[in-house]
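Colleague: Based on what follows, work out the 3D shape:
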Amino acid sequence: MTRLPIVLVVAAMGCGAEATFGVDQTADWLEAGPPSGVAGIHWARNAAPSRPGGGSANLVYHGGPVMTAGATVEAIFWGTSWGDSSFIGDKMSGLQSFYGGMGGSPYDATTSEYTDFSGAHVGSGVSLTATHIDLLAAPRNGNKTSPILEEACSRAATLRADGYYPVYVDTPRGHAGFCAWHSAGTCPNGAKIQFAFFFNLDGDAACDPQDTSGLHSPGMAALANVSGHELSEALTDPHLDAWLDSSGAENADKCAWVFGTPLVTFSNHSQWKIQGNWSNAAFNAGTGYANSSDQNGCLDGGNFR
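Modeller: Sure, this is the predicted structure:
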């Protein structure tokens, strides 16, 4: 596996009093903790709120952008434990492999049918550039977007429109009802970026995909599954105003915790147990596999049932 640059950060955040960060209004709900029925969250197993019935099963376009250039990923690992090799284990190298192989994979292609207002499709390219380590203490919970946006803006080497900045903290989930979330916001230099938050999921049964392959530690397998969920949603609904169903669910939400094939192979030949994403085309043609509502619209890039 190609080793990517790792930037170690140990200094305090260099944001002066003039630095301001803007989070999309559609994501401000996280400031008070995630309520029910809001897009952007990967809920823990059995913690997702019930959604109202009725309406079409398919995703509907709401006019917002999609990531037509794909995503350039800069992963950020935040917390004192990221300096401890026994904590790191296979998580950092595993996530580098995950993002390094997602681009051009059949799994990545499950997002490509969705378009913006001009008809341009979600881009098929996902590439991983630098990896950053911040050994300062991470937040104790994930119920606020503003610290995560500030971390992404401060630590990223390059802020770009097609950038995706996942922030992995060493904080366990505790009693939070979610495993991860994604959002968008504006950095002090005016750059609008997509970013995401991930708890440390070691030993977390409610966020465990139950990968029995032995290829990854349980914590790594859990991070891979939720990482695919959040990046798939960022590609198709980066600002939380593009592709949603009638109840506000995004493409990965509709197939959460439902797996089509035992392992999905990425373009770098790495293999992952990863949930599918909703496909309007597959649902309309009856070629997908069933989600938890027995609607055959999920695809994972493996052998579809």
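Colleague: what comes up buried for stretch 41-54?
Modeller: I41, H42, W43, A44, A48 (16 or more other Cβ atoms under 10 Å). Quick note: C-beta positions are derived from backbone N, CA and C, even for glycine.
Colleague: which among these gets closest to I148?
Modeller: Comparing the buried residues of stretch 41-54 against I148 with Cβ to Cβ places I41 closest, at 13.3 Å.
Colleague: Model confidence score at that closest one, please.
Modeller: Looking at I41, its pLDDT reads 92.
Colleague: in this protein, which spans are helices?
Modeller: 85-88, 91-102, 146-155, 218-236, 280-285 (DSSP state H).
Colleague: sorry, back to before: sort out which one of the buried residues of stretch 41-54 lies nearest C153 for me.
Modeller: Among the buried residues of stretch 41-54, and counting by Cβ to Cβ, the member closest to C153 is I41, at 21.6 Å.
Colleague: one step back: in JSON lines: the buried residues of stretch 41-54, plus distance to K91.
Modeller: Converted to JSON lines, the buried residues of stretch 41-54 look like this (distance: Cβ to Cβ, whole Å):
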{"residue": "I41", "distance to K91": "21"}
{"residue": "H42", "distance to K91": "17"}
{"residue": "W43", "distance to K91": "22"}
{"residue": "A44", "distance to K91": "19"}
{"residue": "A48", "distance to K91": "25"}
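Colleague: Which of those fall in strands?
Modeller: Mapping those onto strands (DSSP state E) picks out I41, H42, W43.
Colleague: need the residues you listed in TSV with distance to A249, can you?
Modeller: Shown next, in TSV, are those (distance: Cβ to Cβ, whole Å):
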residue	distance to A249
I41	10
H42	12
W43	11
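Colleague: What is the nearest of those to C255?
Modeller: Taking Cβ to Cβ as the measure, C255 lies nearest H42 of those, at 11.3 Å.
Colleague: does that closest one really touch G228, like I thought?
Modeller: No: counting by Cβ atoms under 8 Å, H42 does not reach G228; the two are 9.7 Å apart.
Colleague: tell me, what's touching these two both at once?
Modeller: Residues touching both H42 and G228 by Cβ atoms under 8 Å, 6 or more residues apart in numbering: A252.
Colleague: Now do the contacts for the nearest residue to S227 once chain neighbours are set aside.
Modeller: Computed as Cβ to Cβ, 6 or more residues apart in numbering, the closest residue to S227 that is not its neighbour in sequence is F98, at 6.1 Å. Taking Cβ under 8 Å, 6+ apart, we find F98 in contact with A224, S227, G228, F266, S270, W272.
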